[in-house]
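Trainee: just need the structure, nothing else, for what follows:
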Amino acid sequence: MKQDSTKIPFSSYQKFVIFILAATQFSVILDFMVMSPLGDMLMKSLTLKPAQFGLAVSAYAFSAGISGLLTAGFADRFDRKKLLLFFYIGFIVGTVFCSVATTYPLLIAARVITGLFGGVIGSISMAIMTDLFDIHHRGRVMGFIQMGFGASQVLGIPISLHFANLWGWQAPFVMVAVIAGVTWIMILVKLQPVTKHLTLQSDRNPLGHLLHTVAKKDYRVAFTATALLSIGGFMMMPFGSAFSINNLHITQEQLVPLFMVSGVSSLIIMPLVGKLSDKVDKFKLFAIASLWMMIMVVIYTHLSVTPLWLVMILNVLMMMGIMSRMVPSTALVTGVPDMQDRGAFMSVNSSLQQIAGGVAAAVAGLIVVQKDKSSPLEHYPTLGYVMVGISVVGVFLLYRVSAMVKIKLQEKVV
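Mentor: Numbers count the residues shown, from 1 in each chain. Presented below is the predicted three-dimensional model:
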């Protein structure tokens, strides 16, 4: 009989771990997500074309992906706390560089530096979560950790936009650096070493460990599923604010309540989906959420001038699908690797996620066209159709991941 994890309370230390992992997710996600609401401001301030802005978003993702692949072989050979501290401080430095960038080339360079360090943080956090919580609890834990996404929209993005309107587009990066600095100190002082995986390591060198991880067929299926889900998820995001302002005729000031309402809905939805994913079949929940997301994406990308209240409703409905996919899919993927491979697996998985997101942003920049600074974006509905097609393939691949995890559970490997 399946254990009902919702009836087992977390210890005070487990709650701290969940909080600190959510806080790292909040800062890293906000640093990446804030590029979207700043998109219209950046394009106008630096006189950027959609393709150039797409590259600015992709610069972080590509460097993050490359960094993850380079560090994957070492990821299981160190205390995960020390790895988190090292890469997090590098992320903070990169974010500070973003705050002082004044030209497009400097912005690209700063985003590359931030991505080199920030792109690894998510995989380390997921490895820590997987080491400390068994798979029957991970849906609930992921629900709380992924609240960092919603919190970045409820608090981070509205405040970032307010600061940007007051002091320029660089100001939000100062805020992110300060938040990350406080979180880094908390990790240093309170997080216990995470070293259980070190007792299971073989004598393989880092390159051998990486190749061993990539060589496993089950792992490759999970990697491919993650990459496709990321491509589908990132397609619309970079040009979200530009589409709202130039096509839906939402003002720069109205972006604040728009993102806030979406974020509040995420904060409510994520824990509920997390608990639900531990009670029902994770794949079924993912498949239903994917179908809902596809319908809403097609509707949203075909909007023209629309009242703010209706945009808010449609945005929330679309976010319900997107958020409800993230929790069960992530929980399933974390059930694939063996403990001795988790660091490398999570690093490769995160790298492919970042690279796929970068490809999505770059391709979106090539598809979307804007004739001048104030004209509507053209071909935005095409992004919606591409997302739907990719999502269909993603559902099939995650079905295979779900089947693999069920076999592992039966064999009592996870």
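Trainee: can you pull the buried residues of whichever helix in the chain runs longest?
Mentor: Longest helix in the chain by number of residues, with DSSP state H as the criterion: helix 380-410. Applying a neighbour-count criterion of 16 or more other Cβ atoms under 10 Å, one finds 380, 383-384, 386-388, 390-391, 394-395, 397-399, 401-402, 404-405, 408 buried in helix 380-410. Backbone N, C-alpha and C define where each C-beta goes, glycine included.
Trainee: tell me what that helix is packed against?
Mentor: The contact analysis (3 or more Cβ pairs under 8 Å, 6 or more residues apart in numbering; DSSP states H and E) places helix 380-410 against helix 217-234, helix 282-301, helix 308-333, helix 342-367.
Trainee: residue 44: which of those is closest?
Mentor: With Cβ to Cβ as the measure, helix 342-367 is the member of the helices and strands packed on helix 380-410 nearest residue 44 (16.1 Å).
Trainee: residues of that closest one that come out buried?
Mentor: In helix 342-367, counting by 16+ other Cβ under 10 Å, buried: 342-365, 367.
Trainee: who are the packing partners of it?
Mentor: helix 50-71, helix 104-132, helix 206-215, helix 217-234, helix 380-410.
Trainee: and the angle for the fourth one with helix 50-71?
Mentor: Okay, so that is helix 217-234. Helix 217-234 runs at 160 degrees relative to helix 50-71, counting by axes from the mean of the first three to the mean of the last three Cα atoms, to 10 degrees.
Trainee: got the CA positions of the helix or strand following helix 217-234 in PDB?
Mentor: With elements assigned by DSSP states H and E, the helix or strand that comes after helix 217-234 is helix 240-246. Output of helix 240-246 as PDB, limited to C-alpha atoms (Å, rounded to 0.1, in the frame of the first residue of the first chain):
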ATOM      1  CA  GLY A 240       6.300  37.800 -22.600                       C
ATOM      2  CA  SER A 241       6.500  41.400 -21.500                       C
ATOM      3  CA  ALA A 242       7.100  42.700 -25.100                       C
ATOM      4  CA  PHE A 243       4.100  40.800 -26.300                       C
ATOM      5  CA  SER A 244       2.000  42.100 -23.400                       C
ATOM      6  CA  ILE A 245       3.000  45.700 -24.000                       C
ATOM      7  CA  ASN A 246       3.100  45.900 -27.800                       C
END
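Trainee: next one: the very next helix or strand once past helix 240-246 to chain centre, how far?
Mentor: Downstream of helix 240-246, the first helix or strand assigned by DSSP H and E is helix 255-279. Distance, stretch centre to chain centre, for helix 255-279: 14 Å (Cα atoms, centre = their mean, to the nearest Å).
Trainee: same question for helix 255-279, mean pLDDT?
Mentor: For helix 255-279, the mean per-residue pLDDT is 78.
Trainee: follow-up on the earlier one: just say which of the helices and strands packed on helix 380-410 is most tucked in.
Mentor: When the helices and strands packed on helix 380-410 are scored by mean count of other Cβ atoms under 10 Å, the highest mean neighbour count falls to helix 342-367 (a mean of 25).
Trainee: could you check the angle helix 308-333 makes with that one?
Mentor: 150 degrees.
Trainee: was I right to think residue 224 contacts residue 397?
Mentor: Yes: contact criterion Cβ atoms under 8 Å: residue 224 and residue 397 qualify, at 5.8 Å.
Trainee: show me the contacts for the spatially closest residue to residue 37 that is not a sequence neighbour.
Mentor: In space, and not counting its chain neighbours, residue 37 is closest to residue 241: 4.6 Å by Cβ to Cβ, 6 or more residues apart in numbering. Applying Cβ atoms under 8 Å, 6 or more residues apart in numbering, we find residue 241 in contact with 36-40, 255.
Trainee: among those, which one is most surrounded by other residues?
Mentor: In terms of neighbours by other Cβ atoms under 10 Å, the contacts of residue 241 top out with residue 37 at 28 neighbours.
Trainee: SS state for that one?
Mentor: coil (DSSP: H, G, I helix; E, B strand; the rest coil).
Trainee: show me which residues of the strand or helix carrying residue 30 are buried.
Mentor: Per DSSP H and E: residue 30 is located in helix 12-33. If you call a residue buried by 16+ other Cβ under 10 Å, then helix 12-33 has these buried ones: 17-33.
Trainee: and it, what's its mean pLDDT?
Mentor: Mean predicted confidence for helix 12-33 is 84.
Trainee: out of the helices and strands in this protein, which is least certain?
Mentor: helix 147-151 (a mean of 64; mean pLDDT, DSSP states H and E).
Trainee: thought residue 190 was touching residue 15?
Mentor: No: using Cβ under 8 Å, residue 190 is not in contact with residue 15; the gap is 11.6 Å.
Trainee: shared neighbours of these two, anything?
Mentor: What both residue 190 and residue 15 touch, as defined by Cβ under 8 Å, 6+ apart, is an empty set.
Trainee: now residue 27. Nearest residue, chain neighbours left out?
Mentor: With Cβ to Cβ, 6+ apart as the criterion, residue 27 has its nearest non-adjacent residue at 4.2 Å, and that residue is residue 180.
Trainee: the one you found: helix or strand, and which one exactly?
Mentor: Assigned by DSSP H and E, residue 180 falls in helix 171-190.
Trainee: and that helix, what's buried?
Mentor: Per 16+ other Cβ under 10 Å, helix 171-190 contains these buried residues: 171-177, 179-180, 183-184, 187.
Trainee: on that earlier part again, output the helices and strands packed on helix 342-367 as CSV; include the columns mean pLDDT and distance to residue 195.
Mentor: Supplementary listing: those in CSV, determined by pLDDT from 0 to 100; distance: least, Cβ to Cβ, whole Å:
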stretch, mean pLDDT, distance to residue 195
helix 50-71, 80, 18
helix 104-132, 85, 9
helix 206-215, 69, 17
helix 217-234, 83, 23
helix 380-410, 88, 23
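Trainee: want to throw those into a markdown table with distance to residue 142?
Mentor: Shown next, in a markdown table, are the helices and strands packed on helix 342-367 (distance: least, Cβ to Cβ, whole Å):
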| stretch | distance to residue 142 |
| --- | --- |
| helix 50-71 | 19 |
| helix 104-132 | 8 |
| helix 206-215 | 22 |
| helix 217-234 | 14 |
| helix 380-410 | 14 |
